[in-house]
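[1] With the input below, show me the fold.
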Amino acid sequence: MSWFRREKAGISTATEHKKEAPDGLWNKCPSCKKPLLNIEQIENKYVCQYCGYHLRIGSAAYFSILFDDNQFTELFANLKSGDPLHFEDTKKYTARLEESYAKTGLNDAIRCAHGKVEGRDLVVACMDFTFIGGSMGSVVGEKIARSIDYCLQHRTPFMLISKSGGARMMEAAFSLMQMAKTSAKLALLNEAKLPYICLLTDPTTGGVTASYAMLGDINIAEPGALIGFAGPRVIKETIKKDLPKGFQTSEFLLEHGFLDFIVDRRQLKQQVALFLSMVS
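    Purely as a prediction, here's the structure:
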């Protein structure tokens with residue numbers, strides 16, 4: 001009888017030889033809750049293979065998806081935020097910045113790079129939500145402005161990938177000034193007849209939505225992305241009315257004319273290359 005003892009059958013591994021799965025090997029889809037193998041996520045452009053949910057990714061992943069052979073030249077990489085207002089709430093702004101540098105390995109909430117997309121030159125500025133919620137501060141505005149100047153100098157199209165919680169409150173008016181600054185620079189890009197592509201990802205909110213994120217020659221978004229200015233709760237409390245179902249999703253905005261189309265991340269590179277071939 002084997003009720004009270006283990007019968008030796010098949011493969012048996014001694015306890016001291018058993019190993020835990022490495023961190024980051026698996027994670028769970030936030031939408032369907034199914035387990036996702038990391039290597040499969042990379043191959044599938046970080047889109048859930050079961051439900052099509054687009055996981056949040058940063059600039060490194062977007063650059064690898066867009067640029068040929070992941071080859072690019074990063075622009076203005078050394079710019080870092082100052083503390084012009086000496087902001088201090090529960091924590092000093094400088095301390096918050098130092099924590100973000102250490103945690104993310106980034107110098108601010110945006111990275112800019114020049115590379116080729118199916119053989120065509122393109123400058124891409126991509127926001128990183130992991131750096132203080134992708135908030136728009138002086139460095140974000142300055143890097144966008146300098147990227148546009150670079151495009152003007154080299155006659156290169158410009159693409160901006162937005163992923164942001166809005167203006168960086170620790171920089172107050174300095175942050176809000178970036179809305180006008182970047183919009184004015186984009187006007188120069190328009191006068192030069194150089195294409196500007198906007199990609200809105202989850203989430204794109206606040207002053208970013210109210211400025212450069214919606215000024216593209218072509219405005220596209222990823223499926224299911226949250227896009228808006230104020231949050232749904234704030235809007236509901238202001239207008240005292242219930243909001244439509246799916247309010248502030250990319251699908252709702254497409255239906256109401258705020259977007260040109262929605263693109264699956266797995267077809268993003270091909271769609272961007274097709275647009276560049278049409279306008280160049």
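[2] So what touches the helix ranked longest in the chain?
    In the chain, taking DSSP state H as the definition, the longest helix is helix 172-191. If you take CB atoms under 8 Å, 6 or more residues apart in numbering as the criterion, helix 172-191 is touched by 84-85, 87, 135-138, 140-142, 144-145, 148-149, 151-152, 158, 167-169, 196, 207, 210-212, 215, 217. Just so you know, the C-beta spots here come from the backbone N, C-alpha and C atoms, and that holds for glycine as well.
[3] likewise stretch 218-232?
    52-54, 195, 197-206, 209-210, 235, 238, 243, 247-251, 253-254, 258-265, 271, 275.
[4] Just the buried subset of the contacts of helix 172-191, written out for ChimeraX, thanks.
    Remark: buried members of the contacts of helix 172-191, expressed as a ChimeraX selection using 16 or more other CB atoms under 10 Å:
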select :87,135,136,137,138,140,141,142,144,145,148,151,152,158,167,168,196,207,210,211,212,215,217
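[5] What residue spans form the domains of this structure?
    19-55, 57-279 (automatic domain parsing).
[6] Just name the most buried of those domains.
    Among the domains of the chain, domain 57-279 has the highest mean neighbour count (mean count of other CB atoms under 10 Å), at a mean of 18.
[7] Surely Thr208 is within a strand?
    Small correction: residue 208 is Val, not Thr. No: secondary structure assignment (DSSP: H, G, I helix; E, B strand; the rest coil) places Val208 in helix, not in a strand.
[8] Ignoring the adjacent residues along the chain, who's closest to it?
    Ser164 (4.2 Å; CB to CB, 6 or more residues apart in numbering).
[9] just the CA coordinates of the longest helix of the chain, formatted as PDB?
    Extracted in PDB, the C-alpha atoms of helix 172-191 (Å, rounded to 0.1, in the frame of the first residue of the first chain):
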ATOM      1  CA  ALA A 172       4.800  74.300 -11.700                       C
ATOM      2  CA  ALA A 173       4.800  77.100 -14.300                       C
ATOM      3  CA  PHE A 174       8.100  75.900 -15.700                       C
ATOM      4  CA  SER A 175       6.300  72.700 -16.700                       C
ATOM      5  CA  LEU A 176       3.300  74.400 -18.100                       C
ATOM      6  CA  MET A 177       5.500  76.600 -20.300                       C
ATOM      7  CA  GLN A 178       6.500  73.500 -22.200                       C
ATOM      8  CA  MET A 179       3.100  73.300 -23.700                       C
ATOM      9  CA  ALA A 180       3.500  76.600 -25.600                       C
ATOM     10  CA  LYS A 181       7.200  76.000 -26.200                       C
ATOM     11  CA  THR A 182       6.700  72.600 -27.900                       C
ATOM     12  CA  SER A 183       3.700  73.800 -29.800                       C
ATOM     13  CA  ALA A 184       5.600  76.800 -31.200                       C
ATOM     14  CA  LYS A 185       8.400  74.500 -32.300                       C
ATOM     15  CA  LEU A 186       6.000  72.100 -34.000                       C
ATOM     16  CA  ALA A 187       4.600  75.100 -36.000                       C
ATOM     17  CA  LEU A 188       8.100  75.600 -37.400                       C
ATOM     18  CA  LEU A 189       8.200  71.900 -38.300                       C
ATOM     19  CA  ASN A 190       4.900  72.400 -40.100                       C
ATOM     20  CA  GLU A 191       6.200  75.400 -42.000                       C
END
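[10] Nothing else from me, thank you.
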